[in-house]
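**Student:** A predicted structure for the sequence below; I have some questions about it.
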Amino acid sequence: MKVTLQNLTKKFPSRGRKARGEVTAVDDFSFEIPDGKLVGLLGPSGCGKSTTLNLLCGLLKPTSGRIFFGEDDVTNLPAEKRGVGMVFQNYALYPHLTVLQNILFPLENLKGAAKLSKAEMRKRADEAAKLVQISELMDRRPGELSGGQQQRVAIARALVKIPRILLMDEPLSNLDARLRLQTREEIRRIQRETKITTVFVTHDQEEAMSISDIIVVMKEGVIQQIGKPQEVYDTPVNLFVAKFLGTPPINVFRGSVRGGKLWIGKENVLDVPGVSDREVYVGIRPEGFIPVQENISSEALREKSDADSGVFSCRLSGVEVMGRDISIVAVHEASESPSIRAIIGAEQRVDPGSAEVRFSIRPDKLFLFDRETETRISAVSL
Ligand SMILES: Nc1ncnc2c1ncn2[C@@H]1O[C@H](COP(=O)(O)OP(=O)(O)O)[C@@H](O)[C@H]1O
Ligand SMILES: [Mg+2]
């Protein structure tokens, strides 16, 4: 089922203080979720993710704009008529009911033509339980299950009505790290098997990147970028998106473009023909640094470095060997954060005893952002 959000806006009256006006939790959202895809809504706490889900499931009415499921305009349809399955962070299972009774619960309230026989209900519940692999737990109560198992029950309960779309609001947040990883892969598998159009909300960029077909990056109620995870990582539209995706995070420096050359401090780090003179933020992904291997005396280096193009020098503060990779921690006066982090392959060499480390920069891992607007500057050469 394709889902379309059309100029969707939700405003709340502002609470507390004397503040006048309103909070725009969702500001003019327009996008289409293709049939059968898993879309990740990603953004920091308070950016409007839950509000968007609640608009989709019908718990909230939009201030303006429309929602379509397929060709049906569902904007004014009550929640129970939308055919939506919801999964929340806190599972929300009934503690006094068994797993089976919890899964059956949504079916028992079906009315009229939708009403199922006892046998049909049991068949549906068994199928849903099998899908999430909890068939052997049907007689237990939620208190006798691990967090991961409880969340599976919640997913089975959301699937048992065979929803048109599945909405999940931070479903993994209550699980410990290992279970989170495992359950995330389970959700991916279940979604692929059922092909139910799914919206998955998280503030965790790694989770969103790994599970989603498409991610929607949000900030303060405004969509920043929509795309495949890798596309958004490789071509962020602005500094916020660049900083929000990636671990370790992107390194940001103050720099300037003069005469087609990018300068950070006194060094011409890269040639950027076609970019007009201006002040910029320079974002460099941790994997964009290549240590320069040289056998020149440090004095000769220093003479070279001012005029030479394509080199970026930092003060070395640590080298951490992590098996497959080496993590280099360094300091640079133009950096926006106290230390910068580069990741290089374990086969490369950096002398942990040296005071300075020199890099060349991979152009495809370097982004320029206008210092005022923070939007990315695209140039043919970048
Ligand atoms: N019922 C409400 N009344 C007033 N403000 C709300 C209400 N629900 C959410 N908000 C506000 O809307 C914004 C978005 O909230 P929410 O959608 O819960 O964000 P997220 O799920 O991304 O953390 C926040 O500023 C929040 O305080
Ligand atoms: Mg939320």
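**Tutor:** Alright, I've got the coordinates. The shown structure was predicted, so the numbers you read here are calculated from the model rather than taken from an experiment. Ligands and ions are numbered 1, 2, ... in the order given.
**Student:** So Gly70 is in contact with Lys2, correct?
**Tutor:** Yes: with contact defined as CB atoms under 8 Å, Gly70 reaches Lys2; the gap is 5.7 Å. Backbone N, C-alpha and C define where each C-beta goes, glycine included.
**Student:** of those two, who's got more company?
**Tutor:** A count of neighbours by other CB atoms under 10 Å puts Lys2 above the other of Gly70 and Lys2, at 15 against 12.
**Student:** Am I right that Tyr281 is in a helix?
**Tutor:** No: according to DSSP: H, G, I helix; E, B strand; the rest coil, the state of Tyr281 is strand, so it is not within a helix.
**Student:** Which residue comes closest to it once chain neighbours are left out?
**Tutor:** In space, and not counting its chain neighbours, Tyr281 is closest to Phe369: 4.3 Å by CB to CB, 6 or more residues apart in numbering.
**Student:** Show the contacting residues for the one you found.
**Tutor:** Counting by CB atoms under 8 Å, 6 or more residues apart in numbering, Phe369 touches 238-239, 242, 280-283, 375-377.
**Student:** what helix or strand is it on?
**Tutor:** strand 366-370 (DSSP states H and E).
**Student:** Determine how far the very next helix or strand once past that strand lies from the middle of the whole chain.
**Tutor:** Downstream of strand 366-370, the first helix or strand assigned by DSSP H and E is strand 376-377. When C-alpha coordinates are averaged (CA atoms, centre = their mean, to the nearest Å), strand 376-377 and its chain have centres 21 Å apart.
**Student:** Could you do stretch 30-37 as well?
**Tutor:** The answer for stretch 30-37 is 17 Å, by CA atoms, centre = their mean.
**Student:** for stretch 279-296, same thing?
**Tutor:** Distance of stretch 279-296 from the chain centroid (CA atoms, centre = their mean) equals 26 Å.
**Student:** what does the protein put close to ligand 1?
**Tutor:** Applying CB under 6 Å from any ligand atom, one finds that the chain approaches ligand 1 through 12, 15, 23, 25, 43, 45-51.
**Student:** go with 5 Å
**Tutor:** Contacts of the chain with ligand 1, taken as CB under 5 Å from any ligand atom, map to 12, 23, 25, 45-51.
**Student:** can you redo these as JSON lines with pLDDT and distance to Ala355?
**Tutor:** Output for these, formatted as JSON lines (pLDDT from 0 to 100; distance: CB to CB, whole Å):
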{"residue": "Phe12", "pLDDT": "95", "distance to Ala355": "54"}
{"residue": "Val23", "pLDDT": "93", "distance to Ala355": "50"}
{"residue": "Ala25", "pLDDT": "97", "distance to Ala355": "50"}
{"residue": "Ser45", "pLDDT": "96", "distance to Ala355": "41"}
{"residue": "Gly46", "pLDDT": "95", "distance to Ala355": "43"}
{"residue": "Cys47", "pLDDT": "97", "distance to Ala355": "42"}
{"residue": "Gly48", "pLDDT": "97", "distance to Ala355": "47"}
{"residue": "Lys49", "pLDDT": "98", "distance to Ala355": "45"}
{"residue": "Ser50", "pLDDT": "97", "distance to Ala355": "49"}
{"residue": "Thr51", "pLDDT": "97", "distance to Ala355": "51"}
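**Student:** Who wins on neighbours among those?
**Tutor:** Highest neighbour count within the residues of the chain next to ligand 1: Lys49, with 26 neighbours (other CB under 10 Å).
**Student:** List the contacts of it.
**Tutor:** By CB under 8 Å, 6+ apart, Lys49 lies in contact with 41-43, 169, 201-203, 218.
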